[in-house]
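# Got a predicted structure plus its sequence, pasted below:
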There are 2 protein chains.
Amino acid sequence: MRPVAVAGIGKTAFGAFADKDLRSLAVEAGRACLDDAGLTPSAVDAFYLGNFAGPSFVGQNHLAPYIAAELGLAGVPATRFEAACASAGAAFAHAWSAVASGMHEAALVIGVEKMTSQTTAKVAEILAAAGDVQGEGKAGATFPALFAMIARRHMYQYGTTREHMAAVAVKNHGNGALNPQAHMRKVITMEQALAGKPVSDPLTVYDCSLVSDGAAAVLLMAAPHGKVQVLACSQTSDHLALERKADITSLPAVRLAAERAYKMAGLGPNDIDLAEVHDCFTIAEIIAMEELGFCAKGEGGPYIASGATALHGPKPVNTSGGLKSKGHPVGATGVAQICDLVLQMRGQAGARQISRSRIGLAQNLGGSGATCVVTILGAV
Amino acid sequence: MRPVAVAGIGKTAFGAFADKDLRSLAVEAGRACLDDAGLTPSAVDAFYLGNFAGPSFVGQNHLAPYIAAELGLAGVPATRFEAACASAGAAFAHAWSAVASGMHEAALVIGVEKMTSQTTAKVAEILAAAGDVQGEGKAGATFPALFAMIARRHMYQYGTTREHMAAVAVKNHGNGALNPQAHMRKVITMEQALAGKPVSDPLTVYDCSLVSDGAAAVLLMAAPHGKVQVLACSQTSDHLALERKADITSLPAVRLAAERAYKMAGLGPNDIDLAEVHDCFTIAEIIAMEELGFCAKGEGGPYIASGATALHGPKPVNTSGGLKSKGHPVGATGVAQICDLVLQMRGQAGARQISRSRIGLAQNLGGSGATCVVTILGAV
């Protein structure tokens, strides 16, 4: 295996874009990425697409060659990877593996989702198909309901509070307000977060990530082809249904992916300077802190509330604003996390730039924990 | 890159199974494959799922961990690959690459589709999403219509006849009648084939493959772990829309994939003992003969009608019965082709066993040619 570099990054803004279709979003991100790398499409020899539910959201399937050909890549292997909200993470993991092994020289990875053309009810139904439809789904559990159960149990077992969850929302909204590409650039106070409109008790609107359109792209090539290298990447899996888990406050796929990634990189949690984690709900960021080893099990709430993960704290988490404020076009998120880490690691993060950003970690989650991809990047 | 062997194969019968859901089909094939390899799930360190449209056909997404966990594989990377009717081919290609590179030791690849729970009209609509929905789709072109246009143009340019296409159907139905796992075990005559009920002129029901439920699995491991090795595997892409092609009678993605696979294997068309090709429509098998280099451009019809590709002819094609008779659960087909080649190469093909089966080629097509995967296997 040879070292792999992030040779280019590109993103669209995240938001609700009535005038942009799925393919135009993906192409916009892909072109921005090639421009960033200073390369033309002829340099690319493989295409990896992360997309969760294009067929359900916009009625188009077979999306990888559909997008690749529009980018001028007709001929190259072009494949769509689906792993729920970790679809882009899975595409990235396979692209990294192919470049690391020498199978490909330059792999373009794009993640994309176009969600806002559907009604809220239809979006909830499409997202619910990432859970066990015959079990949880038939019982009426949408994703807010599943994470509400997880939150309630975490509160019961560990004393986590509404204030702890609100602290995640306040932090991420504050960070996102500094990100010109974020979907919702709105600073919120603790009082506002605590007074949010209920979605699925104990979760309010301020605990839930956004329904967004958007795309993100990275170009992976053998090092040296960029300041940032992929030090490790690990993808893991678990049961879809919460009822199959011994403890619903745990995310074993996250813990396993992190352990493997740390081992591959020869690093530990203390070596991570910054992280982009999968805050699809505020409780998910709290649990991610625990499973990534940033704090002990059950202490994710107090850890975040202490300011440890604040923008200029000792271990900044979701400096982009996270899924909560930056937005969550589900099939794009895993690649967007990589883009946001690279911006910080290159010193290009503008108003949200942090001072120490040599080692970054991305954690991308699918469903209520059945897929996880953990990636560790290092600046050289 | 190290040599990779097909360490195990497993298939369900193909057909219409009201009592089997998508997951139970996939699990049945996966267990049969592990049994064939003489291994338990603990030996598997990565899971690759080919599936085109589970979310549309059965309402369940995030299918890879859903199936993997049921097989006892929770923890391993589990990813769904979508490339229209070449979804299983794409999953196979990526699994082969991962084992060849040493990234994984034992990759289980399953292809599955459950189609017959939907109405024929709904099936046509779901399949149409593998084409350019905003263009061809809006114009009302289903897949039979697209391939009818291709057939009509091939007839005009090369003098291909209805009899040439019927010869494909007669051959494949004859072969499939000998395959106990085939969907439609029905010998047909040339007269019957020519008198078929019209679907999209000039195509009749006897020119169209079947709508089926089914699953197929292969286990890939570093050689030596089986009698059959993967000599080459190549995936390519093209535009989705026919209107973007210079000549709709050509399948450039097939030609390119074949050229690359032959080069990788150090072989040519004359070295191939038998092939499983993607006869979604009879005209597709005719064009495949040309693009794979088995005959010259435009001569696919006469080549097949001559008996060259008959069961005991010089180059048997679709000894399994092909998509036409064996059935075409779209997300399973690419892996099923590998299973069928391996049966012949091991001498386990029963009543349809051919005498010379040392080198086999599989060609899996997505949509009207926007994805192609060509694999060459060799018996050692």
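Yes, it's here.

# thought A:N61 was touching B:A84?
Yes: A:N61 lies in contact with B:A84 (C-beta atoms under 8 Å); the separation is 6.6 Å. Where you see a C-beta, it was placed from the backbone N, CA and C, and this is true even at glycine.

# Need the residues touching each of these two.
B:52, B:130 (C-beta atoms under 8 Å, 6 or more residues apart in numbering or on different chains).

# of these two, who's got more company?
B:A84 (32 against 29; other C-beta atoms under 10 Å in any protein chain shown).

# Quick check: phi and psi at that one.
phi 60, psi -130 (degrees, to the nearest 10).

# Check the gap between it and chain A for me.
4 Å (C-beta to the nearest C-beta, to the nearest Å).

# OK, contacts around that residue?
Neighbouring residues of B:A84 by C-beta under 8 Å, 6+ apart: A:61-62, B:52, B:130, B:330, B:366-367, B:370-371.

# go with 10 Å
Applying C-beta atoms under 10 Å, 6 or more residues apart in numbering or on different chains, we find B:A84 in contact with A:61-66, A:80, B:52-53, B:90, B:127, B:129-131, B:143, B:240, B:330-331, B:364-371.

# Keep only those of those that are in strands.
With strands taken from DSSP state E, the overlap with the contacts of B:A84 comprises A:80, B:364-366, B:371.

# so can I have CSV of those showing distance to A:A32?
Below are the ones in strands among the contacts of B:A84 laid out as CSV (distance: C-beta to C-beta, whole Å):
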residue, distance to A:A32
A:R80, 20
B:N364, 33
B:L365, 32
B:G366, 28
B:T371, 26
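
# Using PyMOL, define a selection of the buried residues within those.
In PyMOL, a selection of the buried entries from the ones in strands among the contacts of B:A84 looks like this (16 or more other C-beta atoms under 10 Å in any protein chain shown):
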select buried, (chain A and resi 80) or (chain B and resi 364+365+366+371)
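
# Next, count neighbours for A:R185.
A:R185 has 16 nearby residues by other C-beta under 10 Å.

# Double-check it against A:A177; I have them as touching.
Yes: using C-beta atoms under 10 Å as the test, A:R185 is close enough to A:A177 to be in contact (4.7 Å).

# and for these two, which residues touch both?
A:321, A:325.

# For the residue of chain A found nearest chain B, give me its contacts.
For chain A and chain B, the shortest gap (C-beta to the nearest C-beta) falls at A:S101, measuring 3.1 Å. By C-beta under 10 Å, 6+ apart, A:S101 lies in contact with A:1-2, A:4, B:1, B:97-98, B:100-103.

# Repeat that for A:P329.
Applying C-beta under 10 Å, 6+ apart, the residues near A:P329 are A:12, A:14-15, A:22, A:25, A:51-52, A:57, A:85, A:88, A:111-116, A:183, A:210-216, A:323, A:336.

# related to what we said a few turns ago, return the backbone torsion pair for the residue of chain A closest to chain B.
Dihedral angles for A:S101 - degrees, to the nearest 10 - are phi -80, psi -10.

# confidence score at it?
Here the pLDDT value assigned to A:S101 is 96.

# Ok, A:R31 next?
In this model, A:R31 is scored at 98, pLDDT.

# Near it, how many other residues are there?
Neighbours of A:R31 (other C-beta under 10 Å): 15.

# hang on, the earlier thing: the contacts of A:P329 in strands, which ones?
Going by DSSP E, the strands hold A:111-114, A:213-216 from the contacts of A:P329.

# Distance-wise, check A:P3 relative to A:M264.
12 Å (C-beta to C-beta, to the nearest Å).

# now the closest residue to A:E299 other than its chain neighbours, what's its secondary structure?
Nearest residue to A:E299, sequence neighbours excluded (C-beta to C-beta, 6 or more residues apart in numbering or on different chains): A:E290, at 6.8 Å. With DSSP: H, G, I helix; E, B strand; the rest coil as the basis, A:E290 sits in helix.

# how deep is A:E290 tucked in, by neighbour count?
23.

# for it, what are its contacts?
Neighbouring residues of A:E290 by C-beta under 10 Å, 6+ apart: A:154, A:158, A:249-251, A:254-255, A:296-301, A:303.

# Can you say which two of the residues you listed are spatially most distant?
Farthest apart among these by C-beta to C-beta are A:R255 and A:G301. That separation is 17.8 Å.
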